[in-house]
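Trainee: quick one: sequence plus predicted model below, questions after.
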Amino acid sequence: MPEIIIVKNEDEAGELYAQRVADLIKANPKTVLGLATGSSPLAAYQHLAKKVEDEHIDVSQVRGFALDEYAGLDPQHPQSYSSTITRTVVEPLGLDPDLVHVPNGNLDTIKDAGREYDEAIEAAGGVDLQILGIGTDGHIGFNEPGSSLASGTRIKTLAEQTRIDNARFFDGDINQVPTHCITQGIGTILKARQLVLLAFGANKAEAIEETCEGGISAFCPASALQLHPHATVIIDEAAASRLRHKDYYKYAFAHKPAWQGI
């Protein structure tokens, strides 16, 4: 199962992520990062940007691949994931925008876009560390409940709950939220060398319980993290509130050798 780290808040989680990524980049200037959008990773990106600046880390060769994109939404739209990644990751970290990729949601070419995206990730040598958020229904990326655990990047129909959850980014109007997306599949995500999932708040507690202590099931796509050899789940007390063994997870992390990191 994943390593579970219970923290006080998003800032503490962000610092853990930032230190791990900084160490990766120092060891390999061509590190390939898997990037996610949504609210959960924001503090992590902010801490990483500060660390890059404070420690003068060279990120000129760092490459990135976003998890997903809305289908049929203009990439210049402020809520497209292309725009969001640029705004929250590329610009604050000072990454080369030509080295950061987002799935192509153009409806005219989307039939082949998933295969092409997976081929591009493979050509880059694979993702070194993939950051993930989680939906209230257990989805990661846009892999809704019922998604194949072996799936590659492909077009998907968004669940109504996902569109409701994301309406806050579209002036609260669900009618502005696209009905389809292109997303890395579970199989694609599991190929990353490390996965770091962040979740905060009581509304994520049920999904975290099913992800970490439930059975592996396509109906909780994030439960596939149990199959990964290096998956880390970083959550706050509220998100951890339904875990049966949370005291042990705290004990294990408190006694973890410092050299292991996360």
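Mentor: Nice, thanks for sending it over. Residues are numbered from 1 along each chain as shown.

Trainee: burial count for the residue nearest to residue 170 when sequence neighbours are not counted?
Mentor: Distances taken as CB to CB, 6 or more residues apart in numbering place residue 176 nearest to residue 170, at 3.9 Å, with adjacent residues excluded. C-beta coordinates here come from the backbone N, C-alpha and C atoms, glycine included. Number of residues near residue 176 (other CB atoms under 10 Å) recorded here: 15.

Trainee: now swap in residue 54 and tell me
Mentor: Neighbour count for residue 54, taken as other CB under 10 Å: 9.

Trainee: now it. Its backbone dihedrals?
Mentor: When read as degrees, to the nearest 10, the backbone of residue 54 gives phi -70, psi -30.

Trainee: let's have the chain start at 28 instead
Mentor: Got it, first residue is 28 now, which makes that one residue 81.

Trainee: for it, give me the pLDDT.
Mentor: As predicted, residue 81 sits at a pLDDT of 97.

Trainee: over to residue 286?
Mentor: Residue 286 carries a pLDDT score of 88 in this model.

Trainee: sec struct for it, please.
Mentor: Secondary structure state of residue 286, per DSSP: H, G, I helix; E, B strand; the rest coil, is helix.

Trainee: now it: how far from residue 155?
Mentor: Look at residue 286 and residue 155: by CB to CB, to the nearest Å, they are 19 Å apart.

Trainee: and what of residue 196?
Mentor: 28 Å.

Trainee: which residues in the stretch 28-177 of the chain form helices?
Mentor: Ranges of helices in the stretch 28-177 of the chain, per DSSP state H, counting those that start in this stretch, are 37-54, 69-81, 108-112, 118-120, 137-150.

Trainee: closest one to residue 234 among the ones you listed?
Mentor: Each of the helices of the stretch 28-177 of the chain was scored for nearness to residue 234 using CB to CB, and the closest is helix 37-54 (16.2 Å).

Trainee: report the buried residues of the closest one.
Mentor: By neighbour count on 16 or more other CB atoms under 10 Å, the buried set for helix 37-54 is 37, 40, 41, 42, 43, 44, 45, 47, 48, 49, 51, 52.

Trainee: for it, packing partners?
Mentor: When contacts are defined as 3 or more CB pairs under 8 Å, 6 or more residues apart in numbering; DSSP states H and E, helix 37-54 packs onto strand 30-34, helix 69-81, strand 156-159, strand 222-226, strand 258-263.

Trainee: can you say which of those is nearest to residue 207?
Mentor: Between the helices and strands packed on helix 37-54, strand 156-159 lies closest to residue 207; by CB to CB that is 20.8 Å.

Trainee: what's the first helix or strand after that closest one?
Mentor: Where DSSP states H and E defines the elements, the next helix or strand beyond strand 156-159 is strand 181-184.

Trainee: tell me, how many residues neighbour residue 160?
Mentor: So residue 160, with other CB under 10 Å, has 21 neighbours.

Trainee: what sits closest to residue 181 if chain neighbours are left out?
Mentor: Excluding its sequence neighbours, the residue lying closest to residue 181 (CB to CB, 6+ apart) is residue 141, at 4.2 Å.

Trainee: could you pull up the mean pLDDT of stretch 114-125?
Mentor: On average, stretch 114-125 scores 98.

Trainee: residues contacting that stretch, please?
Mentor: Stretch 114-125 is contacted by residues 62, 64, 68-69, 72-73, 75-76, 79, 86-89, 91, 113, 127 when judged by CB atoms under 8 Å, 6 or more residues apart in numbering.
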